[in-house]
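Student: Build me a model:
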Amino acid sequence: DDDDDDDSILRRYEVEAGKNWDRFYGSNGTKFFKDRHYLHKTFPEEFGPIYGGSGGGDGASDENDVETFRRACRGDDNTFTVVEIGCGVGNTVIPLLERSEALKASIAATNDDDVDDDDDARRSSPAPPRLR
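Tutor: So this is what the prediction gives:
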């Protein structure tokens, strides 16, 4: 029965997911996933000010954008926290942290070999201390 075959294949991939990621990273290292520097284009209102662009998404620059972003940071220590689930090796969140001291990040890794404070060998640069 085709359904049984599909279920068997699905179960096998679920059971072997960690081993498959290890094999993938072993073959590709840091060459496959590149740092992402496009969030200000995809989410201009949320991330535009971090990159010095307009929050309106029209491509115009507003000198008050960074100050507006800082005022929007309502954390106890005047910071803004980004949460990323399934962070991989940090190719999205670490470039954001490098752009702004007002940012902090909380991450949830899906693999033991994802971002690791003790071993940044998978990244070309170490994770900033504001990553938890």
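
Student: Every contact and neighbour count from this point should use C-alpha atoms.
Tutor: OK.

Student: Helices along this protein, start to end?
Tutor: 2-15, 17-28, 39-42, 44-47, 65-72, 93-99 (DSSP state H).

Student: Quick check: mean pLDDT of the second one?
Tutor: Spelled out, it's helix 17-28. Mean pLDDT, helix 17-28: 84.

Student: what do you get for the fifth one?
Tutor: Confidence over helix 65-72, taken as the mean pLDDT, stands at 60.

Student: now do the last one
Tutor: Mean pLDDT, taken over the full extent of helix 93-99, equals 84.

Student: ok, back up a step: the helices of the chain into JSON lines, with extra columns for distance to residue 85?
Tutor: Shown next, in JSON lines, are the helices of the chain (distance: least, CA to CA, whole Å):
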{"stretch": "helix 2-15", "distance to residue 85": "19"}
{"stretch": "helix 17-28", "distance to residue 85": "17"}
{"stretch": "helix 39-42", "distance to residue 85": "16"}
{"stretch": "helix 44-47", "distance to residue 85": "18"}
{"stretch": "helix 65-72", "distance to residue 85": "23"}
{"stretch": "helix 93-99", "distance to residue 85": "10"}
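
Student: Kindly present the ones you listed as CSV, with separate columns for mean neighbour count.
Tutor: Listed next are these as CSV, based on neighbours: other CA atoms under 10 Å:
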stretch, mean neighbour count
helix 2-15, 11
helix 17-28, 13
helix 39-42, 16
helix 44-47, 18
helix 65-72, 16
helix 93-99, 19
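
Student: Figure out which of those helices is closest to residue 106.
Tutor: helix 93-99 (9.1 Å; CA to CA).

Student: Would you mind measuring from residue 20 to residue 26?
Tutor: Applying CA to CA, to the nearest Å, the value for residue 20 to residue 26 is 10 Å.
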